[in-house]
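K.L.:
Return atomic coordinates for the entry below.
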Amino acid sequence: MSNITIKEAAAASAVGTNLMAGNRIQTAPRPRFVRRIGVVGSAAIGDASVDLFYGNVYIGTFFNTTLGAAVLPLDAKDIIPVSSNVGMEPNEPLNLLISKASTTNVLAVTLEIQEL
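P.N.:
Below is the predicted model of the structure:
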C-alpha cells in the first residue's frame, strides 16, 4: 500500500483539470485500487470537489472536508473510504479531475492506493 498527496498548482484551477496528469504513479504495471481519499483546502467545507476515475470509469465525487491552506498531513477525519467494486487494470490511468474549483486556497488530495 502506498500514499500520495497531490496539491493543486493554484487555487481555483479550471474544472476538468487532471491533478494526476504527469504524475509518476498515474499508471502502474500491476492491478490496484484507491482504498481511501482525503480532500482539504478551499474557503469553506464542501465547496470544492474532485472526481476519481479509473481510466474512463467514474468511481465517485469527493468534497473537501477541511477548509484553509491545505495543511499537510491530513487529519484522520479527512481520509474516507472509497467504495468501489472495480479496480484498475495494469497500466490503466488513475485520473483525479477537479469537478468544483476551490475558491481561494489550493486543494490537497491524499490517496491511499492498494496494489493487488
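
K.L.:
Is it correct that Ile79 is in contact with Thr110?
P.N.:
Yes: counting by CB atoms under 8 Å, Thr110 is a contact partner of Ile79 at 6.5 Å. Heads up, the C-betas are built off the backbone N, CA and C, glycines and all.

K.L.:
between the two, what contacts are shared?
P.N.:
Ile37, Gly38 (CB atoms under 8 Å, 6 or more residues apart in numbering).

K.L.:
what stretches of the chain score poorly on pLDDT?
P.N.:
Applying pLDDT under 70 to the chain flags the ranges 69-73.

K.L.:
which residues of the chain fall in strands?
P.N.:
2-7, 32-41, 49-54, 57-63, 79-81, 94-100, 107-115 (DSSP state E).

K.L.:
Would you reformat those strands as JSON lines and include mean neighbour count and distance to Asn23?
P.N.:
Output for the strands of the chain, formatted as JSON lines (neighbours: other CB atoms under 10 Å; distance: least, CB to CB, whole Å):
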{"stretch": "strand 2-7", "mean neighbour count": "14", "distance to Asn23": "7"}
{"stretch": "strand 32-41", "mean neighbour count": "22", "distance to Asn23": "13"}
{"stretch": "strand 49-54", "mean neighbour count": "20", "distance to Asn23": "14"}
{"stretch": "strand 57-63", "mean neighbour count": "16", "distance to Asn23": "17"}
{"stretch": "strand 79-81", "mean neighbour count": "14", "distance to Asn23": "19"}
{"stretch": "strand 94-100", "mean neighbour count": "20", "distance to Asn23": "8"}
{"stretch": "strand 107-115", "mean neighbour count": "19", "distance to Asn23": "10"}
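
K.L.:
And those strands: which comes nearest Val15?
P.N.:
With CB to CB as the criterion, Val15 lies closest to strand 94-100 of the strands of the chain, at 5.6 Å.

K.L.:
Quick one: residues contacting the closest residue to Asp47 other than its chain neighbours.
P.N.:
Using CB to CB, 6 or more residues apart in numbering and skipping residues adjacent in sequence, the residue nearest Asp47 is Thr103, 6.1 Å away. Counting by CB under 8 Å, 6+ apart, Thr103 makes contact with Ala11, Ala12, Ser42, Ala43, Ala44, Asp47, Ala48.
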